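*Asks:* after the sequence you'll find the predicted model.
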Amino acid sequence: MKKSLQAVYYSCLFYGGVLLLPYSPGTLAWKLFRNKKGKIPLIHRDLICDTQTLMALPKNDCSLDEFTTAFSPFIPLLTLNEQPWKMRRKVLADGLRRMRLDENFSWSLPHKKGDIYWDIYEALFIIGFKLVFGRDPTDEEYAQMYPGIEDINRLIKRQRASADMPARWKLYNQVVKLLREESIFSGSSDFNALSEIDRVSIIVEDLLTSICIQCADLICHLLLLYQEQKDHFRENLERSIDETLRLYPLTDIWTRKGSEPERGWIASLVQLNRNGWTDPDSFDPSRWDSEGHPPLISWGFDSRSCPATKIGYNLSKKLFEQIIQDETLWIVPAANFTHDRTFLHGCQVWVGVGPQPTKAWKFPGKWKNELQQWFYTRFRLVDQGELW
């Protein structure tokens, strides 16, 4: 009886906050249950509070819940259950081994006042296309594919309420044409044995979209922190990237449906990466030099760890290093911009070289965006059953 009452209480607290408060579910979990250990019982699931408890869960080949990525509806997921996902994972891992990051991707950050997020996202789409197909996209291929790739992340960023299905169908059909070309999967009998929709999904979801979303998020986080923490970045870049991923993980939450006798669970990556640390909300790369520290949870875990972790990390690092080579470059965030995990408003900064401006500036339309995103986020939570 006591456990049932606790589950009702914690469920009302968590889900009520998710529906009413302007926080992502992962950030809210940290604010509500800071530094707790073990599991917090909810009505249908448990909330996993720390990495030790997460790692101690039985190994499980079941998928993380589909709607935690917002690629649905339309783009099928690597995390689908049954046998195909294992073959897809093997095919993806084999293709990733053929990717080459040794050439120079010539690109520079635009000097502008406003949102640089989508400039970086677009550049990563072109780079990702070249990594997969060995060449730049034509103008027609770009026009057919990029709007669909962008739409997927607009939905994830809560800037739209529903998928742009015409754009996604154009994306799908163009990739079907590209399947006949040379790519990192050429000659792979396992890739060719997959269904058309699985082959399209590997290229679109597992590669192009993942590269664009994860690398764009990480590069923007790095650029924002670099302006405040240059000494740390120059002293130890790898540790600074790890600390960036700890504070700003690339995914908000993981959720898994239950199967008897195991209950389903929810895990906040913000909470997992801050729990167990001293001064957990501060940027301190030196913390990674200590022994016995909690592991970094960002790219996956268990049998579902992301095969593209190395590519994503190295590509983000390569582009970030290229951007900051110019020591005269400065980035000034808007006065009404808050650096958080999600980039709901994009990355609103002023970029330039030479003397840095001292005058503050604000990006327009913040409160309109706040209201719109609050609605879209709640619509997705309820309509798609994201957390239930």
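*Replies:* Good, I have the coordinates.
*Asks:* could you pull out the strands for this structure?
*Replies:* Assigned by DSSP state E, the chain shows strands spanning 39-41, 45-48, 113-115, 253-256, 264-268, 329-333, 348-353.
*Asks:* can you tell me which of those strands has the worst average pLDDT?
*Replies:* For the strands of the chain, mean pLDDT drops lowest on strand 253-256, to a mean of 84.
*Asks:* related to what we said a few turns ago, could I get the strands of the chain as TSV with mean neighbour count?
*Replies:* No exception for glycine: its C-beta is placed from N, CA and C like everyone else's. Compiled in TSV, the strands of the chain are given as follows (neighbours: other C-beta atoms under 10 Å):
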stretch	mean neighbour count
strand 39-41	19
strand 45-48	23
strand 113-115	17
strand 253-256	22
strand 264-268	23
strand 329-333	18
strand 348-353	19
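*Asks:* I'd like those as a markdown table, with distance to A161 appended.
*Replies:* Compiled in a markdown table, these are given as follows (distance: least, C-beta to C-beta, whole Å):
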| stretch | distance to A161 |
| --- | --- |
| strand 39-41 | 30 |
| strand 45-48 | 25 |
| strand 113-115 | 20 |
| strand 253-256 | 20 |
| strand 264-268 | 23 |
| strand 329-333 | 28 |
| strand 348-353 | 22 |
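*Asks:* do you know which of those lies nearest T27?
*Replies:* strand 264-268 (7.6 Å; C-beta to C-beta).
*Asks:* what ranges in the protein fall below the confidence cut-off?
*Replies:* 1-2, 61-84, 260, 300-305, 380-388 (pLDDT under 70).
*Asks:* so what's the residue nearest the centre of it up against?
*Replies:* Compute the mean C-alpha point of the chain, and by C-alpha atoms, centre = their mean the closest residue is L250, 3.6 Å away. Applying C-beta atoms under 8 Å, 6 or more residues apart in numbering to L250 gives the contacts I213, Q214, D217, L218, L269, S298, W299.
*Asks:* try it again at 7 Å.
*Replies:* By C-beta atoms under 7 Å, 6 or more residues apart in numbering, L250 lies in contact with Q214, D217, L218, S298.
*Asks:* nearest to K170, of these?
*Replies:* Q214 (23.4 Å).
*Asks:* run the chain-centre distance for stretch 46-65.
*Replies:* When distances are taken as C-alpha atoms, centre = their mean, to the nearest Å, stretch 46-65 is centred 19 Å away from the chain's centroid.
*Asks:* now do stretch 86-97
*Replies:* 20 Å.
*Asks:* for stretch 203-222, same thing?
*Replies:* 7 Å.
*Asks:* residues in contact with that stretch?
*Replies:* By C-beta under 7 Å, 6+ apart, stretch 203-222 touches 71, 75, 77-78, 92, 117, 120-121, 124-125, 128-129, 132, 149, 152-153, 156, 171, 175, 241, 244, 248, 250, 308, 312, 315-316, 319-320, 343, 347.
*Asks:* ok, now stretch 97-108?
*Replies:* A123, I127, L131, I184, I311, N314, L315, K318, L319.
*Asks:* try 6 Å this time
*Replies:* A123, I127, L131, I184, I311, N314 (C-beta atoms under 6 Å, 6 or more residues apart in numbering).
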